[in-house]
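Undergrad: this is a predicted model, with the sequence first.
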Amino acid sequence: MNPYVLATLLSSLGLGTTLTFASSHWLLAWMGLEINTLAIVPLMAQHHHPRAVEATTKYFLTQATAAAVILFASTTNAWITGEWNMTNMSDPTATTMILAALALKIGLAPMHFWMPEVLQGLDLLTGLILSTWQKLAPLTLIIQTAQAFDPFLLTTLGLMSTLIGGWGGLNQTQLRKILAYSSIAHMGWMIIVLQYAPQLTLLALLVYVLMTSAAFLTLKLVFTTKVNTLATIWSKSPILTTTAALILLSLGGLPPLTGFMPKWFILQELAKQGLPLAATVMALAALISLYFYLRLCYTMTLTISPNITTSVTPWRTQTTQASLPLALFTVMALGLLPITPAMIMLIS
């Protein structure tokens with residue numbers, strides 16, 4: 001892709017998200033979401049592969065549907081209340097429609113079906129943008145209007161997303177689909193605690209972005225998109241294999257890694273709010289997710305492919321990819337648990 005076109009598209013991604021961040025007016029927020037969608041569509045279809053074009057079409061139709069529902073619901077709310085302000089959401093029908101549309105945008109269950117299929121058709125860097133940056137603007141809108149949403153509906157969405165994200169990833173052989181179901185499960189953790197402690201939602205989002213970025217950049221460095229090819233990583237770089245396994249365990253929320261931090265606080269907050277059953281279901285769903293992360297770790301570290309000439313030769317070439325971002329994200333994805341009090345102070 002032409003560097004000037006790429007710079008324009010990435011700048012538009014930043015502009016759309018920033019516009020949504022800064023808006024308290026539904027029309028401006030909707031415009032920011034639309035700029036975001038239109039900017040990432042050319043990035044998704046840049047390889048002109050039929051699978052990429054299919055994924056781009058599915059993503060565009062899904063996002064256009066969600067944007068239309070947001071515009072309709074916000075117009076309905078403005079018709080009833082007389083203003084477009086996000087803080088004045090008094091109509092329950094419009095509020096529920098907006099929550100459903102924003103859930104569709106970020107891939108919350110049961111509006112999650114597009115997420116694995118779309119992510120499977122993208123290259124890893126575009127998939128990283130879709131899994132992290134594209135979640136920021138819709139989540140911001142959900143956080144800003146959280147007080148207007150039905151608490152039972154938020155809890156139901158959170159529980160369903162965590163359970164479906166865990167069960168859906170069990171039988172997958174494609175790493176991008178596994179990361180898609182991981183994204184669905186993490187969105188559930190963020191949504192269920194939103195009504196009680198929005199700062200914990202921000203903490204979970206920050207940790208999720210760090211861990212997912214490290215996972216995608218690792219897969220990009222070793223050119224791996226399938227589970228059965230993970231066994232060849234050990235012969236290339238044992239250290240990278242070790243850190244990749246730890247990143248996956250961090251995604252699963254295993255202590256003493258960084259991923260344990262948000263799950264720990266969210267379970268504590270749910271118990272404090274008198275929801276021990278919901279906390280128990282969330283913890284069990286986290287164990288389901290941890291199972292398929294452990295399966296990936298087993299494939300990487302305990303399964304070694306035969307060291308024949310054809311499998312060893314490609315690993316001898318020096319990579320031209322930048323490893324500094326991967327190193328930074330890996331350190332943060334693995335070692336932030338000791339500074340948990342400082343992070344809580346930062347987001348509070």
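TA: Here it is on my side, so go on. Residues are numbered from 1 along each chain as shown.

Undergrad: identify the residues contacting residue 208.
TA: 132, 183, 186, 190, 262 (CB atoms under 8 Å, 6 or more residues apart in numbering). Just so you know, the C-beta spots here come from the backbone N, C-alpha and C atoms, and that holds for glycine as well.

Undergrad: ok, now how distant is the fourth one from residue 205?
TA: To residue 205, residue 190 is 6 Å away according to CB to CB, to the nearest Å.

Undergrad: neighbour count winner among these two?
TA: Neighbour count, other CB atoms under 10 Å: between residue 190 and residue 205, residue 190 has more, with 26 against 22.

Undergrad: wait, what's in contact with the more buried one?
TA: So residue 190 contacts 139, 158, 201, 204-205, 208 (CB under 8 Å, 6+ apart).

Undergrad: point out where this structure drops to low pLDDT.
TA: Residues of the chain meeting the criterion pLDDT under 70: 305-320.

Undergrad: show me the domain layout of it.
TA: With domains defined by automatic domain parsing, the chain comprises 1-149, 150-348.

Undergrad: endpoints of the shortest one, how far apart?
TA: With CA to CA, to the nearest Å applied, domain 1-149 spans 42 Å between its terminal residues.

Undergrad: returning to what we had before: of the contacts of residue 208, closest to residue 50?
TA: Using CB to CB, residue 183 comes nearest to residue 50 of the contacts of residue 208, at 24.2 Å.

Undergrad: number of nearby residues for that closest one?
TA: By other CB under 10 Å, 26 other residues sit near residue 183.

Undergrad: hmm, residue 209 and it touching each other?
TA: No: Residue 183 is beyond contact range of residue 209, at 10.6 Å (criterion: CB atoms under 8 Å).

Undergrad: if I pick residue 256, what's in contact with it?
TA: Listed by CB under 8 Å, 6+ apart, the contact partners of residue 256 are residue 337.

Undergrad: in what helix or strand does it lie?
TA: Here residue 256 sits in a region with no helix or strand, counting by DSSP states H and E.

Undergrad: quick one: it from residue 264, how far?
TA: Noted for residue 256: a distance of 11 Å to residue 264, by CB to CB.

Undergrad: immediately after the lengthiest helix in the chain, which helix or strand?
TA: Determined from DSSP state H, the single longest helix within the chain is helix 50-81. Using DSSP H and E, the next helix or strand after helix 50-81 towards the C-terminus is helix 92-106.
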